[in-house]
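S.K.: give me a 3D structure for the following:
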Amino acid sequence: MLQLENYLTENDFSIEPQFFRIHIKEDQDKLERLLEAKPHIRIHDQIDSQLDELIKSRYPKKKPEPDELNALKKQHIGNFSFLQYGVWVYYPWSETLVHLLDEAEFIEMRTNRNMYKITREERDILASKKIGVVGLSVGQSVSITMAMERGFGEIRLADFDLLELTNLNRIRTGVHNLGLPKVVIVAREIKEIDPFLKVTSFGDGLTEENMDSFFLDGGKLDVIIDECDGLDIKILLRHKAKALQVPVVMDASDKGTLDVERFDLEPDRPILHGLIDHLDHTKIKELKTNEEKIPYLLPMVGLETASARLKASMVEVGQSITTWPQLASAVTLGGALGADVSRRIILGQYTDSGRYWVDLEALIADKKQPENNDYTYIRYSAPELTLEVMKEAVRNLGELPEHLTVLSETQVNQLVTAAATAPSGGNNQPWKWLFDQGHLFLFHDEKQSASWIDFKNTASYISLGASIENLKIKAGSIGLSVKYYPFPNPEDTKLIAAFTFSESNGSSYCPELSSGLGLRLTNRKKGSQKVLPTELKQELKEIVNLNPEATLEIIDDNVSIAKIAHIVSAVERIRFLYPQGHYELFAQELKFPDAAGTPILEGLDIATLEISESDRTGLMVASNPEVITLLNKWGGGAAFEKISRGSVLSSSAIGMVTMPTYSNENFIKGGEALQRAWIKANLNGLAFQPLSGGLFIFDRLNQTGGEGMPQNMIDELHQLQDELREVFTVLNTRTPLFMFRLSYADAASTRSLKRPLEDILQFS
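M.R.: Numbers count the residues shown, from 1 in each chain. Have a look, this model is predicted:
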């Protein structure tokens, strides 16, 4: 059997060729000894054709005939033979001996076809300059392109990495170089293009220890090109470049993004255009996780300007792929951009700083862009709920029960202010209140809540029920008893309830919950998994059961909680990936703060999600419809499950409020019961987070068959619903109303704000 050995020789990491000018006796002897020791050396002698080119270039106005050309060549080489003329260059890594024109004539011919894109004078200026390249993926393309143009006299290459098979999608080299240091591969290719260029390699990469040497040994760099992956080095090399007034060029290999920082002309310029000035660069080395690095990475990537494919790929990193993708075409373009800009910086032909894009897909595109038919949605809407509409609804009621106590304006304001602190889906606050002829009325403001996920208004009715419960508790605390009449006009379900009031005569409704009205909030922070006391679980169940039709089921074993985590996170992924759910999530529900810090009075402030910087970035990426379209095509999106899975797994318990039947009034009553449990939990130091999005989606699925959804999502939702019924067996006989998680956690960082009172309360 053939035996193969994998071994290294002394030539495996060599990057310097050997020169032999055999008209010098000493060099001739050395070459003869080399050939005797290595008779297998491949010899490549094309000196004759090189001399042809040289002579022709000197007679551009006419083309010498063959005889004349031969005579001119002999005249040119003088007393030398063709064998002696020029220089023999030996490449030990390939054991190849090449016969070349010597340096001056080689450079003359190598740059001949640059004229006059690059003049001789400019060529000579470039030949005196020193370029540093850090990172040799895109950096390889920049380095080779600059070498081909002869855009430097010396190049310093820094990279600690070895060539891997996956690098061959963008690094132009052969499989025979696998396992070799990238600095060796690039240095050799430069030397094979032009053996007279100086190449200095830093095989440990750029480090704090060798940074001074990289920038200064042999003369200060004229330009540094940053293509490294190390976050700390990216920042540190810029601080060094700024201190030494060296311009920095960086290509991002996406949409032709090129970054230029002219520290040579603007010594006070903030690094990375000031985008990370608010961050402490001295802590960079301490950063270990993506969550810690994200604030620094985002300005470098340019998240808002990144291509849809890169954004979608970012979501898949750590899921279906291991790292961000790069294409050879983008890397090659980056090489061209980096080389071109560096040359013009050196020659004084470009003096600006900034971030630029040469987006080929935008520049060379179909004149008529196709519509994204894979991302379609309905804009659910409802008309404005005006004062006249509300007054008309009240007039149509006829006689109302006589009010025993006429509320003052102050009392009305107190009651509605308390009612408005109730929770609502996506903080949409689907309520309006009218005080008319001594009565208080609650209306459903459908304009606030109209959506795909609020099927038949069930989510809104739960919120409106919670609002009613707040009003009842507040009324008791200010000496009032309250009675309400749900859906007093069955023909107009916008009118949710009419209220009458009387003096409480010393007794009040749920006085133990009064102090919790202002405390109640959603807390999505991860919990400690501390076990819930049995007595507290019982108290929560009893307070829900004040309405005997409402029940609270609580599960607290880790196996069941893990099943719930799977169900909730999978439904969340489906909502992200389904265009209708995605549109409503990002267009109506989630809110990112603006630069002015304007208060977010409607929708969910992203800060209330209590997610890591990495997950926050994921949401920003996921907001792009093109990203969702691509993820659906690829079968991706598993990363969206991460946002909720971890928090659910950290829970102490999962609760489920149910009602006996499916009816509008039961959803109102269930909302009241839910609010009591929520306040009770918060008063007992428990963090409370809704998990009911899946219940609302299951509701729509059951009643419409999943109309509009792709079959694979429908099938998965049915499976997830079956799994939920296995955990909460009560759902086989009762209607699920609301699911939530309970935990012991740190205090919430922030709470959702509410619309001002004047927006939700009107007096007739």
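S.K.: contacts only, for Val138.
M.R.: Taking CB atoms under 8 Å, 6 or more residues apart in numbering, we find Val138 in contact with 170, 227, 251, 253, 326, 331, 334-335, 338. Using the backbone N, CA and C atoms, a C-beta is placed for each residue, glycine as well.
S.K.: so which of those are in strands?
M.R.: Asp251 (DSSP state E).
S.K.: just say helix, strand or coil for the residue lying closest to Leu513 once chain neighbours are set aside.
M.R.: With CB to CB, 6 or more residues apart in numbering as the criterion, Leu513 has its nearest non-adjacent residue at 4.7 Å, and that residue is Ile679. Here Ile679 is recorded as helix under DSSP: H, G, I helix; E, B strand; the rest coil.
S.K.: wait, Ile679 touches Leu519, no?
M.R.: Yes: contact criterion CB atoms under 8 Å: Ile679 and Leu519 qualify, at 7.4 Å.
S.K.: who's more crowded, these two?
M.R.: Per other CB atoms under 10 Å, whichever of Ile679 and Leu519 has more neighbours is Ile679, with 26 against 12.
S.K.: for Pro548, see how far away that one is.
M.R.: The gap separating Ile679 from Pro548 is 19 Å, by CB to CB, to the nearest Å.
S.K.: would you map the helices across the stretch 251-400 of the chain?
M.R.: 290-301, 308-316, 328-346, 360-363, 387-395 (DSSP state H, counting those that start in this stretch).
S.K.: of all the ones you listed, which one is nearest Ala497?
M.R.: Ala497 lies closest to helix 387-395 among the helices of the stretch 251-400 of the chain, at 11.9 Å (CB to CB).
S.K.: pull the CA atoms of the closest one into CSV?
M.R.: Provided in CSV are the C-alpha atoms of helix 387-395 (Å, rounded to 0.1, in the frame of the first residue of the first chain):
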residue,chain,number,x,y,z
LEU,A,387,-67.2,62.0,20.9
GLU,A,388,-70.3,62.1,18.7
VAL,A,389,-70.1,58.4,18.0
MET,A,390,-69.9,57.7,21.8
LYS,A,391,-72.8,60.0,22.6
GLU,A,392,-74.9,58.4,19.9
ALA,A,393,-74.2,55.0,21.4
VAL,A,394,-75.2,56.2,24.8
ARG,A,395,-78.4,57.8,23.5
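S.K.: measure the residue of the chain most remote from its centre to Lys191 for me?
M.R.: The C-alpha centroid of the chain is most remote from Asn79, which lies 68.3 Å away (CA atoms, centre = their mean). Distance, Asn79 to Lys191, by CB to CB: 30 Å.
S.K.: next one: Ala393
M.R.: Counting by CB to CB - Ala393 and Lys191 are separated by 86 Å.
S.K.: now swap in Gln46 and tell me
M.R.: Distance, Gln46 to Lys191, using CB to CB: 18 Å.
S.K.: please, where are all the helices along the stretch 51-200 of the chain?
M.R.: Here the stretch 51-200 of the chain has its helices, by DSSP H, counting those that start in this stretch, at 66-77, 103-110, 120-126, 138-149, 182-193.
S.K.: switch these over to JSON lines; also include distance to Ala607.
M.R.: As requested, the helices of the stretch 51-200 of the chain are exported to JSON lines (distance: least, CB to CB, whole Å):
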{"stretch": "helix 66-77", "distance to Ala607": "77"}
{"stretch": "helix 103-110", "distance to Ala607": "59"}
{"stretch": "helix 120-126", "distance to Ala607": "52"}
{"stretch": "helix 138-149", "distance to Ala607": "36"}
{"stretch": "helix 182-193", "distance to Ala607": "42"}
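S.K.: out of those helices, which comes closest to Gly203?
M.R.: Comparison of these against Gly203 by CB to CB identifies helix 182-193 as nearest, at 5.2 Å.
S.K.: now do that closest one against helix 138-149, angle only.
M.R.: Here helix 182-193 runs at an angle of 20 degrees relative to helix 138-149 (axes from the mean of the first three to the mean of the last three CA atoms, to 10 degrees).
S.K.: what packs against helix 182-193?
M.R.: When contacts are defined as 3 or more CB pairs under 8 Å, 6 or more residues apart in numbering; DSSP states H and E, helix 182-193 sits against strand 87-91, helix 138-149, strand 154-158, strand 198-202.
S.K.: let's see it at 6 Å
M.R.: When contacts are defined as 3 or more CB pairs under 6 Å, 6 or more residues apart in numbering; DSSP states H and E, helix 182-193 sits against helix 138-149, strand 198-202.
S.K.: output the ones you listed in TSV; the columns should cover distance to Gly527 and mean pLDDT.
M.R.: Formatted as TSV, the helices and strands packed on helix 182-193 follow (distance: least, CB to CB, whole Å; pLDDT from 0 to 100):
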stretch	distance to Gly527	mean pLDDT
helix 138-149	44	96
strand 198-202	48	98
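S.K.: of all the ones you listed, which one is nearest Phe20?
M.R.: Closest approach to Phe20 among the helices and strands packed on helix 182-193 is made by strand 198-202 (19.1 Å; CB to CB).
S.K.: what sits up against the closest one?
M.R.: Residues from elsewhere that reach strand 198-202 (CB atoms under 6 Å, 6 or more residues apart in numbering): 154-158, 183, 187, 190, 214.
S.K.: stretch 547-555 too?
M.R.: Residues from elsewhere that reach stretch 547-555 (CB under 6 Å, 6+ apart): 537, 540-541, 544, 653-660, 669-670, 673, 728, 730.
S.K.: which residue is the nearest non-sequential neighbour of Leu731?
M.R.: Here the residue nearest Leu731, using CB to CB, 6+ apart, is Arg725, at 4.8 Å.
S.K.: the one you found against Thr733, yeah?
M.R.: No: counting by CB atoms under 6 Å, Arg725 sits too far from Thr733 to count as a contact (10.2 Å).
S.K.: so which of those two has more stuff around it?
M.R.: Ranked by neighbour count (other CB under 10 Å), Arg725 and Thr733 place Arg725 first, with 14 against 8.
S.K.: just the element for the more buried one, please.
M.R.: If you go by DSSP states H and E, Arg725 is part of helix 711-727.
S.K.: pull the residues that contact that helix.
M.R.: 560, 563, 567, 570, 574, 698, 701, 706, 731-732.
S.K.: low-confidence ranges, the stretch 201-350 of the chain, go.
M.R.: For the stretch 201-350 of the chain, the stretches with pLDDT under 70 are 290-291.
S.K.: follow-up on the earlier one: from the contacts of stretch 547-555, keep the buried residues only.
M.R.: For the contacts of stretch 547-555, a neighbour count by 16 or more other CB atoms under 10 Å gives the buried set as 537, 540-541, 544, 653-659, 669-670, 673, 728.
S.K.: can you give me the neighbour number for His76?
M.R.: Look at His76: counted by other CB under 10 Å, it has 14 neighbours.
S.K.: average pLDDT for stretch 370-385, rounded please.
M.R.: What stretch 370-385 shows for mean pLDDT is 92.
S.K.: off-centre distance for it?
M.R.: 25 Å (CA atoms, centre = their mean, to the nearest Å).
S.K.: what do you get for stretch 719-738?
M.R.: 35 Å.
S.K.: tally up the residues packed near Thr376, please.
M.R.: 12.
S.K.: if you could redo that for Glu491, that was the one I meant.
M.R.: 8.
S.K.: tell me the secondary structure for it?
M.R.: Reduced to three states by three-state DSSP, Glu491 is coil.
S.K.: for it, which non-adjacent residue is closest in space?
M.R.: Distances taken as CB to CB, 6+ apart put Asn396 closest to Glu491, at 7.9 Å, once the chain neighbours are dropped.
S.K.: and the two most separated of the contacts of strand 198-202?
M.R.: Between any two of the contacts of strand 198-202, the greatest separation by CB to CB is 17.1 Å, found for Ile190 and Phe214.
S.K.: and which of the buried ones among the contacts of stretch 547-555 is nearest Ile453?
M.R.: Comparing those against Ile453 with CB to CB places Gly670 closest, at 17.3 Å.
S.K.: and that closest one, what does it touch?
M.R.: 550, 657, 659, 737.
S.K.: list the residues that contact Glu610.
M.R.: Applying CB under 6 Å, 6+ apart, one finds that Glu610 lies in contact with 524-525.
S.K.: that one and Asp699, how far apart?
M.R.: Separation of Glu610 from Asp699 (CB to CB): 27 Å.
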